[in-house]
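**Q** below: sequence and its predicted model.
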Amino acid sequence: AQSVAQPEDQVNVAEGNPLTVKCTYSVSGNPYLFWYVQYPNRGLQFLLKYITGDNLVKGSYGFEAEFNKSQTSFHLKKPSALVSDSALYFCAVRDSDNYGQNFVFGPGTRLSVLP
Amino acid sequence: DSGVTQTPKHLITATGQRVTLRCSPRSGDLSVYWYQQSLDQGLQFLIQYYNGEERAKGNILERFSAQQFPDLHSELNLSSLELGDSALYFCASSVGSRAEKLFFGSGTQLSVL
């Protein structure tokens, strides 16, 4: 079965500084990897995905993520953080070989961008 | 706005009761997913329906059941409610059964007193 770990419950970064939110995964087949963001009192919103191809994936709101197969990681990054980026971020994985199976979400990392 | 509609937004009920949560997927989406979000368990997948049929099952209790109707809306039924069932219940939808992108509703906050 697939699983996702987000080793940091909370990440604090100053506005304008680069940010990284970490994610590691475990799947039996080829991984489909995703990042979602949740703002207060809202549902989750899709940020980006990795299916195949370039290891660096670009997504919404200036976010990008780097897939590293050897380290089984998919860290979320942004070159310059904004206060409005403060939210709860979820990494998710789906096994490409698992027909009909659903995403598995990580526990979430709360990002606080300080002005 | 994701295009996924969930009703009601808030629900307060007592232990032992039964409630029904409703979800209307985005226009054109055939898959509906139900998730439970709580502070201690995180985001837990409950069940997926695709075009009216159950497609995948997660950590869904026997007291819970769901269905997807011919118009593709879905209902999640929770019965014999316990205090521990208090959580935020999300519905999500996608075009196909092997989703690459989920669209989430705003959720139903269930409080069991």
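**A** Arrived safely.

**Q** what about residue 67, which helix or strand?
**A** Reading this off chain A. For residue A:67, the enclosing helix or strand under DSSP states H and E is strand A:64-68.

**Q** ah, I was thinking of chain B
**A** Using DSSP H and E, residue B:67 falls within strand B:64-68.

**Q** so which residues make contact with that strand?
**A** Outside strand B:64-68, the residues that touch it by C-beta atoms under 8 Å, 6 or more residues apart in numbering or on different chains are B:32, B:34, B:46-47, B:49-54, B:60, B:74-79. Yep, even glycine has a C-beta here, placed from its N, CA and C like the rest.

**Q** can you do 7 Å?
**A** The contact list for strand B:64-68 (C-beta atoms under 7 Å, 6 or more residues apart in numbering or on different chains) reads B:32, B:34, B:46-47, B:49, B:52, B:74-78.

**Q** neighbour-wise, give me the winner out of those.
**A** For the contacts of strand B:64-68, the largest number of neighbours (other C-beta atoms under 10 Å in any protein chain shown) sits with residue B:32, at 31 neighbours.

**Q** now that one: how far from chain A?
**A** Separation of residue B:32 from chain A (C-beta to the nearest C-beta, to the nearest Å) stands at 11 Å.

**Q** what is the host helix or strand of that residue packed up against?
**A** Assigned by DSSP H and E, residue B:32 falls within strand B:31-38. Helices and strands touching strand B:31-38, by 3 or more C-beta pairs under 7 Å, 6 or more residues apart in numbering or on different chains; DSSP states H and E, are strand B:42-50, strand B:87-94.

**Q** so which of these is the most surrounded?
**A** strand B:87-94 (a mean of 24; mean count of other C-beta atoms under 10 Å in any protein chain shown).

**Q** next SSE after that strand?
**A** Remark: after strand B:87-94, the chain's next helix or strand is strand B:103-104, criterion DSSP H and E.

**Q** how about the contacts made by the closest residue to residue B:95 other than its chain neighbours?
**A** Leaving aside its sequence neighbours, residue B:95 sits nearest to residue B:29 (C-beta to C-beta, 6 or more residues apart in numbering or on different chains; 5.5 Å). The contact partners of residue B:29, by C-beta under 7 Å, 6+ apart, come to B:93-95.
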